[in-house]
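K.L.:
Quick one: sequence plus predicted model below, questions after.
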Amino acid sequence: MASIFGHMTLGATLGKLLLPERRYVRYWVLAAACAFLPDIDVLGFKFHVAYASLWGHRGLTHSLLAAVMVASAVVGWHRLGHRAGPPLGRLWVLLFLATASHGVLDAMTTGGLGVAIFSPFVLERYFFGFCPIEVSPIGVRQFVGTTVWRVLQSEAIWVALPCAVLLTLQRLFSAQTAAVR
């Protein structure tokens, strides 16, 4: 898996790109949380859920169906309690992409059993042909020493740098658009 830092960086970046106004900063944080949420399945290790099972790590919670369900549930809840906020369709797209991005990053890592992106309809697990992201160990205790530096260096190159480029392009485009007006 990618680390919490990589997942949340991508989620927050998606938030800023899709809801660029500063008043939506709490939705950037929500997108970051949704980007990390699929790793809730690591709790299964405590209950002896097999890694390769539907409910195991990188299984159903990492699927596109789970991303649809998370986005729909959060937007539905938001609609009940809030009158103001971003357009619901745009919020749904943001939360779907943020949650789905988790499986995409994990499928680009150098380890694990792959990602059940089409679960529960297809149980096969996938990696992309291009896997430049160093796999992060599962658990805080293993995330130390040289391992953490390899993971974070990899994510700096393959996650943070592209996110920074996209945010810079957004800022330049916004500044140019404002100057034209």
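P.N.:
That came through, no problem. Numbering: from 1, shown residues only.
K.L.:
mind checking how far the residue minimising distance to the centre of the chain is from residue 122?
P.N.:
Centre of the chain computed as the mean C-alpha position; nearest residue by CA atoms, centre = their mean is residue 35, 2.7 Å away. According to CB to CB, to the nearest Å, residue 35 stands 23 Å off from residue 122. The way it works is simple: take the backbone N, C-alpha and C, and place the C-beta from them, glycine included.
K.L.:
in stretch 168-177, what's buried?
P.N.:
For stretch 168-177, the neighbour count (16 or more other CB atoms under 10 Å) marks no residue as buried.
K.L.:
Let me know the average pLDDT across it.
P.N.:
Mean per-residue pLDDT for stretch 168-177: 88.
K.L.:
Just read off the phi/psi values of residue 136.
P.N.:
Dihedral angles of residue 136 (phi, psi; degrees, to the nearest 10) stand at phi -90, psi 140.
K.L.:
Who are the packing partners of the worst-scoring helix or strand of the chain on mean pLDDT?
P.N.:
Least confident helix or strand of the chain, by mean pLDDT, DSSP states H and E, is helix 145-155 with a mean of 86. Contacting helix 145-155 under the criterion 3 or more CB pairs under 8 Å, 6 or more residues apart in numbering; DSSP states H and E are the following elements: helix 4-18.
K.L.:
Helix 145-155 and the helix it packs on, what's the angle between them?
P.N.:
Interaxial angle of helix 4-18 relative to helix 145-155 (axes from the mean of the first three to the mean of the last three CA atoms, to 10 degrees): 20 degrees.
K.L.:
got the buried residues for helix 4-18?
P.N.:
Buried positions in helix 4-18, judged by neighbour count with 16+ other CB under 10 Å: 5-18.
K.L.:
Which residues outside that helix are in contact with it?
P.N.:
Helix 4-18 is contacted by residues 24, 27-36, 39, 90, 93-94, 97-98, 101-102, 105, 133, 136, 152, 155, 159-160, 163, 166-167, 170 when judged by CB atoms under 8 Å, 6 or more residues apart in numbering.
K.L.:
which other helices and strands contact the helix or strand following that helix?
P.N.:
Later in the chain than helix 4-18, the nearest helix or strand by DSSP states H and E is helix 25-36. Counting contacts by 3+ CB pairs under 8 Å, 6+ apart, helix 25-36 packs against helix 4-18, helix 64-81, helix 88-106.
K.L.:
Report the distance from helix 25-36 to the chain centre.
P.N.:
Taking CA atoms, centre = their mean, to the nearest Å, the mean C-alpha location of helix 25-36 is offset from the chain mean by 9 Å.
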